[in-house]
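Got a sequence here, can you model it:
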Amino acid sequence: MDEDNRPGADLPAVRGGFGVDFLGVRVDLPVLDGPLRDDAVTWEGGDAIPYTHFSLALSRSRRLARWVGWNIDGAGLLKLSRSDIAFATDPRLPEDVQTGNELYSGNRLDRGHLARRADLLWGGPEEAQRANRDSFHYTNIAPQIDDFNQSSRNGLWGRLEDALFEGVDVEDLRASVFGGPVFQDDDRVYRGVQLPREYWKLVVFVEDGALRARAFLLAQDLVQLQALPDLDEFRVYQITVPELEERTGLRFSEALHAADVPAAAISRAPGERQPLADLDDIRW
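Predicted coordinates for the structure are as follows:
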């Protein structure tokens, strides 16, 4: 592999990270309070670690990202190959706070991108290629069962961003997305790593001059690691921003609370809520 294609090969260059003003309306990063802040890997005095077109907060105890935030320029996306780009730890950070390939070899765990690679490939060719390489840092990777998106529900999780641009008149085809795993104390330990069994996304965009925010949860059945037959599949649920905060311990800005879908539009209590069967079920 060409050394220049390694993630981090040009990391001394300046990384802008997540742009809070990308949508023309300020979208602040999630806030870590108390124990979450104490658990964060610090970067230049803060907890947001910048890459090309995305930033993330890394949990020291879990050795995975607690959140990743990324910007999408839908009109400027390029198609770039992922061939010859290897997954790698971030050389700017200590090795012992990152989870590398030792978790993923010889099993059904996929190295799943949190900030979706295809979402990051915009800007000039050099900038887009840098984002392409940056996306392969293990800090942007989380363990996902190998059929994470290959379900009878048509891989809804991986298509949320696409559905936004297809189904809504989003101004300038721009969006910002936050996502990450849900950490729970009883998550199963595998090879020394607690494996998240749920993931979340918060899709933020501007429509008719107003900020919109839509939150989603994906539940994962880790019993599949035992290769048992006929197991249930992953389900995608639409949730509210307050529900997302309760589940993750993160705090989101008042602007995102105000931009959320009304709780009444989702209608049922969390325990009674039906999973999304199709992208048309989303309350945009």
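
Averaged over its residues, which helix or strand of the chain has the lowest pLDDT?
Ranked by mean pLDDT, DSSP states H and E, the helix or strand of the chain with the weakest confidence is helix 263-266, at a mean of 75.

What lies in contact with it?
238, 239, 240, 242, 273, 283 (CB atoms under 8 Å, 6 or more residues apart in numbering). Every residue, glycine included, has its C-beta placed from N, CA and C.

go with 7 Å
Residues outside helix 263-266 that contact it (CB atoms under 7 Å, 6 or more residues apart in numbering): 238, 240, 273, 283.

With only the CA atoms kept, save it in CSV.
Below are the C-alpha coordinates for helix 263-266, written out as CSV (Å, rounded to 0.1, in the frame of the first residue of the first chain):
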residue,chain,number,x,y,z
ALA,A,263,-43.4,14.1,20.5
ALA,A,264,-47.1,13.8,19.6
ALA,A,265,-46.1,13.1,16.0
ILE,A,266,-44.4,9.9,17.0
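
What are the buried residues along it?
Using 16 or more other CB atoms under 10 Å as the test for burial, helix 263-266 gives residue 266.

same thing with stretch 130-149?
Applying a neighbour-count criterion of 16+ other CB under 10 Å, one finds 130-145, 148-149 buried in stretch 130-149.

likewise stretch 200-208?
For stretch 200-208, the neighbour count (16+ other CB under 10 Å) marks 200, 201, 202, 203, 204, 205, 206 as buried.

Specify which member of those is nearest to residue 18.
Nearest to residue 18 among these: residue 204, at 11.1 Å, using CB to CB.

low-scoring stretches of the stretch 1-150 of the chain, by residue?
Within the stretch 1-150 of the chain, the ranges that satisfy pLDDT under 70 run 1-14, 146-150.

related to what we said a few turns ago, which ones among the buried residues of stretch 130-149 are found in helices?
130, 131, 132, 133, 134 (DSSP state H).
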